[in-house]
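Participant: Generate coordinates for the sequence data below:
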Amino acid sequence: QVQLVESGGGLVQAGDSLRLSCAASGRTFSTYTMGWFRQAPGKEREFVAAISWIGAITYYADSVKGRFIVLRDNPKNTVYLQMNSLNPEDTATYYCAATSKAGESSRWRNEYDYWGQGTQVTVSS
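Facilitator: Residues are numbered from 1 along each chain as shown. Purely as a prediction, here's the structure:
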C-alpha cells in the first residue's frame, strides 16, 4: 500500500516556475514508477510525466517536454515536478500516482494503482 500527498500548487503568472512535491508513505516506494497527471475543468485527466523506479528513465507529454522536469529522491520517498515557463494552458489539478508497471505503459492512467488527492495549479495570463 502506498499513500501519496501532493503539495506545492498555487497561483502564478505566465512565465513563472513552480515545483510540485509528492510525498509517499510505504517502504516500497523505490520500486514504483511514479507519474504526474493533470486534469483541467471539463477535461479528462491527462498524462504529464513519469519517472522509473531508479530515476534513469523519464517520459513526458509533448505539451510539457522541454519545460517540465520530473525527479525523484528515493531516500526521501518523494517525487517532484519542476514546472518552468508556465502558461495558462497548464492550469489544472495535478496528481501524482504510483504504478508497478514500467516502460511506455507509464503514460496510461489506467496502469496506476495509487493516486494522491491532487494540488491545484493556476496560471494567470
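
Participant: Endpoint to endpoint, stretch 103-120 covers what distance?
Facilitator: 28 Å (CA to CA, to the nearest Å).

Participant: try stretch 111-118
Facilitator: Stretch 111-118 end-to-end distance (CA to CA) = 18 Å.

Participant: Just want the most central residue of this structure.
Facilitator: The centroid of the chain falls nearest to residue 36 when counting by CA atoms, centre = their mean (2.2 Å).

Participant: element containing that one?
Facilitator: Assigned by DSSP states H and E, residue 36 belongs to strand 33-39.

Participant: In that strand, which residues are buried?
Facilitator: By neighbour count with 16 or more other CB atoms under 10 Å, strand 33-39 contains the buried residues 33-38. Heads up, the C-betas are built off the backbone N, CA and C, glycines and all.

Participant: In the sheet, which strands lie alongside it, parallel or antiparallel?
Facilitator: strand 46-51 (antiparallel), strand 92-99 (antiparallel) (DSSP bridges).

Participant: contact partners of that strand?
Facilitator: Strand 33-39 has contacts (CB atoms under 8 Å, 6 or more residues apart in numbering) with 20, 22, 24, 45-53, 70, 72, 79, 81, 90, 92-102, 106, 109, 112, 118, 121.

Participant: switch the cut-off to 7 Å
Facilitator: 45-53, 70, 72, 79, 81, 92-99, 101-102, 106, 109, 112 (CB atoms under 7 Å, 6 or more residues apart in numbering).

Participant: one step back: between the buried residues of strand 33-39, which is closest to residue 125?
Facilitator: Closest approach to residue 125 among the buried residues of strand 33-39 (CB to CB): residue 38, at 17.9 Å.
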